[in-house]
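A.B. asks: build me a model:
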Amino acid sequence: MAGSEIVLITDYGIHDGNALTQVERLVWRACPGARLFTAPVLPCSTFHTAFWTHVHSRLPPAPGGTLLYVTCAPRGNGDAPGPDNDPEPLVIAKLDNGVVILAMASRYTLSLVRPHITALRAVDYDHGRSQWRSRDAVPEVARAHFTGELNTNRNKLPRLGGQLDPGNQDLIPPLPDGVWVLHRDD
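C.D. replies: Numbers count the residues shown, from 1 in each chain. Prediction:
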């Protein structure tokens with residue numbers, strides 16, 4: 001993992017430093033040697049998440065690879081947990097410039113990078129019915145990505161699931177007409 005980088009784009013960093021610290025530590029432990037950067041976004045804002053995912057995805061990848069670890073998954077069904085606490089699929093996307101995105105496919109998170117996706121796969125993983133998948137399960141998926149263990153031929157989790165269509169507007173909807181995404185850093 002030396003020479004690689006992980007950009008953690010997360011909606012719980014601005015107002016919940018303790019949650020952010022937990023996830024940063026678990027990602028760092030799962031992927032030793034990778035440089036870790038954090039880009040907090042507004043809570044539950046998939047618009048803001050889409051903006052920063054696009055910005056970071058267009059930077060040249062690190063020599064050892066760049067993984068955008070994107071976590072913003074507001075519950076589309078209110079406060080109740082989804083079926084098996086897993087309402088949005090975990091996906092891995094490869095972009096035309098070599099950057100890889102590991103993200104919960106929630107609302108507009110991937111809308112701005114959709115034109116740059118060259119491959120999109122579901123990820124089968126064991127989240128242990130945790131409601132906090134980004135902390136309890138996804139660091140292991142990031143590790144498996146960097147070590148090359150994330151593939152379809154494994155008998156154990158995590159592994160790649162089926163191919164997905166990035167043009168599927170139910171999975172990755174376009175931003176609604178008239179939406180402008182702005183960022184103010186203060």
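
A.B. asks: remind me, longest strand of this protein?
C.D. replies: Counting residues, the longest strand in the chain under DSSP state E turns out to be strand 117-124.

A.B. asks: Leu175 looks like it's in a strand, true?
C.D. replies: No. Applying DSSP: H, G, I helix; E, B strand; the rest coil, one finds Leu175 to be coil, outside a strand.

A.B. asks: circling back to that earlier point, pairing partners for the longest strand of the chain, with directions?
C.D. replies: strand 90-95 (antiparallel), strand 159-163 (antiparallel) (DSSP bridges).

A.B. asks: and that strand, what's buried?
C.D. replies: 117, 120-124 (16 or more other C-beta atoms under 10 Å). C-beta here means a position set from N, CA and C on the backbone, and glycine is covered the same way.

A.B. asks: contacts for it?
C.D. replies: Strand 117-124 is contacted from outside by 89-96, 102, 110, 141, 150, 157-166, using C-beta atoms under 8 Å, 6 or more residues apart in numbering.

A.B. asks: in this protein, which spans are strands?
C.D. replies: Using DSSP E, strands in the chain cover 5-10, 35-40, 66-71, 90-95, 100-104, 117-124, 159-163.

A.B. asks: is the residue nearest the centre of the chain in a bridge, and if so with what?
C.D. replies: Taking C-alpha atoms, centre = their mean as the criterion, Ala103 is the residue nearest the geometric centre of the chain, at 2.2 Å. Under the criterion DSSP bridges, Ala103 forms beta bridges with Val70, Val91.
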